[in-house]
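# Any chance you could fold what I've pasted below:
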Amino acid sequence: MSILDNLPHTCTAKRRARTSDSYGGSRDTYTTVFSDRACWVQQAGDSEIEEFRKRGVNITNKIYFVVDPELTNEDVVEYDGDQYDVQSFPEKDASAGLGIVWRVMVNRVTEI
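Numbers count the residues shown, from 1 in each chain. Take a look at the predicted model:
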């Protein structure tokens, strides 16, 4: 059995939409894209962080899926009580000879 048959984590994705309130302000609302989907969350490597930093994008992690998660930069992924903003479109990735997986680069949201 390969790791792709039994990914070690599960996550939920939500799509963010900006709406106007009755006072003319705006607020974010979320709709669920998927929940409890098998995934594999890993720290981004130094070279990956630097590559995205050159583009003006901060990333902290990468998340692998066995099918295209169809996420965009309007989405957030929740895993293990943390929230991650999606920073890249899903890309096919042939990692370590395990087969084809879909990789999404994300940035962990931290509260100030």
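# top strand in the protein by residue count?
Counting residues, the longest strand found in the chain (DSSP state E) is strand 26-43.
# Contacts for that strand, please.
Strand 26-43 is contacted from outside by 3, 6-21, 60-66, 69-71, 75-76, 79-80, 101, using Cβ atoms under 8 Å, 6 or more residues apart in numbering. Backbone N, C-alpha and C define where each C-beta goes, glycine included.
# Which residue ranges of the chain form strands?
9-20, 26-43, 61-65, 75-79, 82-86, 91-94, 100-108.
# for the longest strand of the chain, which positions count as buried?
33, 37-41 (16 or more other Cβ atoms under 10 Å).
# could you give me the average pLDDT of that strand?
Strand 26-43 shows a mean pLDDT of 92.
# next one: stretch 84-100
Rounded mean pLDDT across stretch 84-100 is 81.
# what pairs with the longest strand of the chain, and is each one parallel or antiparallel?
Sheet pairing here is set by DSSP bridges, and for strand 26-43 it gives strand 9-20 (antiparallel), strand 61-65 (antiparallel).
# would you turn the ones you listed into CSV with distance to N107 and mean pLDDT?
Compiled in CSV, those are given as follows (distance: least, Cβ to Cβ, whole Å; pLDDT from 0 to 100):
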stretch, distance to N107, mean pLDDT
strand 9-20, 14, 91
strand 61-65, 8, 95
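# Distance to R53 added to the buried residues of strand 26-43, as CSV?
Shown next, in CSV, are the buried residues of strand 26-43 (distance: Cβ to Cβ, whole Å):
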residue, distance to R53
V33, 27
R37, 28
A38, 29
C39, 24
W40, 23
V41, 20
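# which among those residues gets closest to V106?
V41 (8.5 Å; Cβ to Cβ).
# So what pairs up with the closest one in the strands?
Residues in beta-bridge contact with V41 (DSSP bridges): I63.
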